[in-house]
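S.K.: output the structure for:
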Amino acid sequence: METVTRVENMRSGHIGRWAAVTGAVLLTGACTQATGLAGIGAGAGAGAGSPSTVAVSGTPSATATTPSPTPQPQAAEQPPQGDDPVNVPPPKLSKYSYAFPVKGCKTTYQRKLLVLPKTTIWAPQGCSFVSPVEGVVDEVNNQDRWQPGTDAGADREGRFVTIIGDDGVRYLGGHLDSIADGVKPGAKVKKGQVLGRVGRSGNARDTGSNLYFAISWKTGPAFWWVRRGMVEPWDYLDAWKKGNRTYSPREETMKLRGKLGETPPCSVQCVSRQATPQSSKPTKTPRPRRSSDSDADRSPTATDPLTDSGVTAG
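M.R.: All right, here's what the predicted structure looks like:
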């Protein structure tokens, strides 16, 4: 009897402990469902067949992935729209205003020193040669005196006009076909006024039509080599043709005149050719005529002719 009682007590103890464990498990599950554990869903204890739900938590799951932002296409950079260009006038370089010496025709010209500091402006025959600056007519040669046999230096430009500008510089236009009416020494001219027509006079008669253009300073006609050119003109022609009409050769011209003097000696193409003498047949040496017997005692007079020479004897 006592043994039976002890066995029952032991069974009762085991049952009590199992009951306590079971109660603790049930209590834990109830708390988990009510509040949820961090990182454990409410259905964690459900069977394999039950759908699972994700617990809302303030801390992201270690296995959760953050979606990357979709790249948006960027518009190409557009430069700011600028204003329309503004034409700025060239700087004023002097108080004088100039014009390109050939008007109304397409031209070309050399920009390097060949023989003399001048340039040949190639242009169709008949194009207008105009005054490059306001001034006074200095020399006018309306006759083409040049001859290839002599090649006289003073005649090489053929028909020409020179202008003494208000800037004190002399300008020459040569090889002209004709000279305009009213253009004579002392006449006042305006910038751009027609002085003549481009041609082939002087030593240009066997070349294309052109304007011989030269810059120098005033001298007398005897110093023709000065008027043929002392200052290289192409930089000034470039400026006058491209729009800077105030670029003046005055400073360079006056400086060179001060260095060389007003009438420097001629140094290039100074001597004319000698004219070739015309050939003639040699004449025979005259011989006195043999006197006849009737003339033996007569002395010759000034009227007696000498045969072979045509000279009468006196």
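
S.K.: going by C-alpha atoms from here, please, whenever you check contacts or count neighbours.
M.R.: OK.

S.K.: ranges for the strands of the stretch 1-150 of the chain?
M.R.: 102-103, 108-109, 118-122, 128-130, 135-141 (DSSP state E, counting those that start in this stretch).

S.K.: most packed of the ones you listed?
M.R.: A comparison of the strands of the stretch 1-150 of the chain by mean neighbour count, using mean count of other Cα atoms under 10 Å, puts strand 128-130 on top with a mean of 24.

S.K.: report the beta-bridge partners for the nearest residue to residue 186 once chain neighbours are set aside.
M.R.: Once flanking residues are discounted, residue 186 sits nearest to residue 137: 5.2 Å by Cα to Cα, 6 or more residues apart in numbering. Going by DSSP bridges, residue 137 is paired in beta bridges with residue 163.

S.K.: which residues touch stretch 204-215?
M.R.: 117-125, 129, 157, 169-176, 198-200, 227-233, 253 (Cα atoms under 8 Å, 6 or more residues apart in numbering).

S.K.: buried residues in that stretch?
M.R.: 204, 209-215 (16 or more other Cα atoms under 10 Å).

S.K.: filter those residues down to just the ones in strands.
M.R.: 210-215 (DSSP state E).

S.K.: tell me which two of those sit farthest apart.
M.R.: The distance between the two most remote of these (Cα to Cα) is 16.4 Å, for 210 and 215.

S.K.: name the spans of the stretch 201-314 of the chain whose pLDDT lies under the cut-off.
M.R.: 274-314 (pLDDT under 70).

S.K.: ranges for the helices of the stretch 151-300 of the chain?
M.R.: Ranges of helices in the stretch 151-300 of the chain, per DSSP state H, counting those that start in this stretch, are 224-227, 234-242, 250-260.

S.K.: return the most buried member of those.
M.R.: It is helix 224-227: most buried of the helices of the stretch 151-300 of the chain by mean count of other Cα under 10 Å, with a mean of 20.

S.K.: C-alpha coordinates for that one, PDB please?
M.R.: In PDB, the C-alpha atoms belonging to helix 224-227 read as follows (Å, rounded to 0.1, in the frame of the first residue of the first chain):
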ATOM      1  CA  TRP A 224      61.800 111.100-112.000                       C
ATOM      2  CA  TRP A 225      63.300 108.100-110.200                       C
ATOM      3  CA  VAL A 226      61.800 109.400-106.900                       C
ATOM      4  CA  ARG A 227      58.200 109.500-108.300                       C
END
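
S.K.: begin at 7, not 1, for the rest of this chat.
M.R.: Got it, first residue is 7 now, which makes that one helix 230-233.

S.K.: elements contacting that helix?
M.R.: For helix 230-233, the elements it packs on are strand 176-185, strand 216-222, judged by 3 or more Cα pairs under 8 Å, 6 or more residues apart in numbering; DSSP states H and E.

S.K.: can you lay out these as JSON lines showing distance to residue 272?
M.R.: Formatted as JSON lines, the helices and strands packed on helix 230-233 follow (distance: least, Cα to Cα, whole Å):
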{"stretch": "strand 176-185", "distance to residue 272": "18"}
{"stretch": "strand 216-222", "distance to residue 272": "14"}
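
S.K.: out of the ones you listed, flag the one nearest residue 253.
M.R.: Nearest to residue 253, of the helices and strands packed on helix 230-233 and by Cα to Cα, is strand 216-222 at 13.8 Å.

S.K.: list of residues touching stretch 132-145?
M.R.: 102-111, 166-172, 177, 179, 183, 189-205, 217.
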